[in-house]
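A.B. asks: Dropping the sequence and predicted coords here.
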Number of protein chains: 2
Amino acid sequence: MEFKEAKNKFVQTWGALGSQWGINKTMAQIHALLMVSNEAVSMEDIMEELQISRGNASMNLRALMDWGIVYKEYKAGERREFFTAEKDLDELAVKISRERSKREIKPALKILKEVSTIESNNSAEEKHFVDQTSKLYDFVLKADNMLDKITEFNENWLGRLVLKIMK
Amino acid sequence: MEFKEAKNKFVQTWGALGSQWGINKTMAQIHALLMVSNEAVSMEDIMEELQISRGNASMNLRALMDWGIVYKEYKAGERREFFTAEKDLDELAVKISRERSKREIKPALKILKEVSTIESNNSAEEKHFVDQTSKLYDFVLKADNMLDKITEFNENWLGRLVLKIMK
DNA sequence: TTAAACTTTCAAAAATAAATGAAACTTATT
DNA sequence: AATAAGTTTCATTTATTTTTGAAAGTTTAA
């Protein structure tokens, strides 16, 4: 396999993986492209490589910057803007989990708390509901806190975590 | 908030969360419904509660059973089939991560290995590509193995893991 | 301040994913 | 072996999500 083919395959794969995890394909592809580029890339080039429209490129670059995993870069004597991706994978994982926690898990926890604290009558049905949603609340809260803690760690948290787990 | 409202809210929320994580809404909703039901539910009742068609219910129940998180149950003297969800949350998490690993991470790893082992010429561009995709391969592999290990643990792995991490 | 170079926005179009429903299929009962 | 009760399949329809592209907006520099 030669370089261009490999690069394309990587970008496509990353894009597909993204959609399976609720991140839109183009967003993931742009990220993939930037991650394997050794220098900052202009919007023009991104459009060209991925065959996407200007609007699409612009919106997804904005989204990636909102997530904090892509940065704008200005080159001396250049009018255009260039983009680079966070390339440190620990940093990337931390930012992604923070963002998903904030956007999805925190709001879900709020709802879980609400529904698990209704006052049930004494029917088995209602008791089970309260019991199960309370357990779920605790579980999700614990998992979310775990991610926070991991985040604080930082500096190769994954490696250190693996060591710890293996005992 | 009264029970019916709370139950509905929970089912809707779980459904929305599902779609954000690449699981279809109905599948997540059926799972939510079963999880908070204290007894097995018939397909008829699922259709009724979620206002979905028979085909939809059938296909998503099949998918949930393929994931190993919903079971069929037969009641004596009943012709119809009833369904229950895995209610143990540790077990649920383990099954979901196993399944996603098998379906998504393993295939992605295969591609990552392929593209990271092209023989690069000596351009900075190609060297960076090989370097970055190799790192990504290692990272994803490590994360995936971590999930496996956690899985083996089992019996309240999350609690034990949290303890470990907190030192 | 004007104009050129470039970026963003958003309504409409296209692509994708999910749901429907009727026909085919299965299984249990008489 | 016929029938009834129930389940699955899948071509078509519907809903949702993503993309486009042209107009509006910005910024820089002459």
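C.D. replies: Done, it's in.
A.B. asks: Three-state assignment for the residue nearest the centre of chain A, please.
C.D. replies: The C-alpha lying nearest the average C-alpha coordinate of chain A belongs to residue A:96 (Cα atoms, centre = their mean; 3.3 Å). Three states are possible here, and by DSSP: H, G, I helix; E, B strand; the rest coil the one that applies to residue A:96 is helix.
A.B. asks: residues touching it, list them.
C.D. replies: Residue A:96 makes contact with A:67, A:69, according to Cβ atoms under 8 Å, 6 or more residues apart in numbering or on different chains. Where you see a C-beta, it was placed from the backbone N, CA and C, and this is true even at glycine.
A.B. asks: 7 Å instead?
C.D. replies: Applying Cβ atoms under 7 Å, 6 or more residues apart in numbering or on different chains, we find residue A:96 in contact with residue A:69.
A.B. asks: what about the strand or helix carrying residue A:132, near chain B?
C.D. replies: In this structure, residue A:132 is located in helix A:124-153 according to DSSP states H and E. Yes. If you take Cβ under 7 Å from any Cβ of the partner chain as the test, helix A:124-153 does meet chain B, through A:124-126, A:128-129, A:132-133, A:135-136, A:139, A:142-143, A:146, A:149-150.
A.B. asks: Near whichever residue of chain A sits closest to DNA strand C, how many other residues are there?
C.D. replies: Closest to DNA strand C within chain A is residue A:55: 3.0 Å, counting by Cβ to the nearest atom of the strand. Summarising burial for residue A:55: neighbours were counted as other Cβ atoms under 10 Å in any protein chain shown, giving 9.
A.B. asks: Check the gap between it and residue A:163 for me.
C.D. replies: The spacing between residue A:55 and residue A:163, counted by Cβ to Cβ, to the nearest Å, is 46 Å.
A.B. asks: got it, and residue A:77?
C.D. replies: As for residue A:77, its distance to residue A:163 is 47 Å (criterion: Cβ to Cβ).
A.B. asks: Please say which of these two ends up with more neighbours.
C.D. replies: More crowded of residue A:77 and residue A:163, by other Cβ under 10 Å: residue A:163, with 9 against 5.
A.B. asks: Could you report the neighbour count for residue A:40?
C.D. replies: Neighbouring residues of residue A:40 were enumerated by other Cβ under 10 Å; the total is 18.
A.B. asks: Please state the backbone phi and psi of it?
C.D. replies: phi -60, psi 150 (degrees, to the nearest 10).
A.B. asks: Just confirm it contacts residue A:82, I think it does.
C.D. replies: Yes. With contact defined as Cβ atoms under 7 Å, residue A:40 reaches residue A:82; the gap is 3.4 Å.
A.B. asks: Touching both of these two, which residues are there?
C.D. replies: residue A:73.
A.B. asks: next one: phi and psi at residue A:84?
C.D. replies: phi -130, psi 150.
A.B. asks: Provide the secondary structure category for the residue of chain A positioned farthest from its centre.
C.D. replies: When distances are taken from the C-alpha mean of chain A, residue A:122 lies farthest, 42.3 Å away, according to Cα atoms, centre = their mean. Secondary structure, three-state DSSP: residue A:122 is coil.
A.B. asks: ok, how many other residues are close to residue A:26?
C.D. replies: Other residues near residue A:26 come to 21 when the count uses other Cβ under 10 Å.
A.B. asks: Ok, residue A:6 next?
C.D. replies: Counted with other Cβ under 10 Å, the burial measure for residue A:6 works out to 22 neighbours.
A.B. asks: Let me see the contact set for it.
C.D. replies: B:115, B:118.
A.B. asks: How about residue A:10?
C.D. replies: Taking Cβ under 7 Å, 6+ apart as the test, what residue A:10 contacts is A:32, A:36, B:115, B:133.
A.B. asks: hmm, try it at 8 Å
C.D. replies: A:32, A:36, B:111-112, B:115, B:129, B:133.
A.B. asks: so of these, which ones are in helices?
C.D. replies: Helix and strand membership here follows DSSP state H; of the contacts of residue A:10, those in helices are A:32, B:111-112, B:115, B:129, B:133.
A.B. asks: Poorly predicted segments of chain A, please.
C.D. replies: A:151, A:153-162, A:164-167 (pLDDT under 70).
A.B. asks: which element is the residue of it found nearest DNA strand D on?
C.D. replies: Going by Cβ to the nearest atom of the strand, DNA strand D is nearest to residue A:55 of chain A, at 1.9 Å. Secondary structure from DSSP H and E places residue A:55 in helix A:54-66.
A.B. asks: Show residues contacting that helix.
C.D. replies: Taking Cβ under 8 Å, 6+ apart as the criterion, the residues outside helix A:54-66 that touch it are A:24, A:26-27, A:30-31, A:43, A:46-47, A:50, A:70-72, A:83, A:85.
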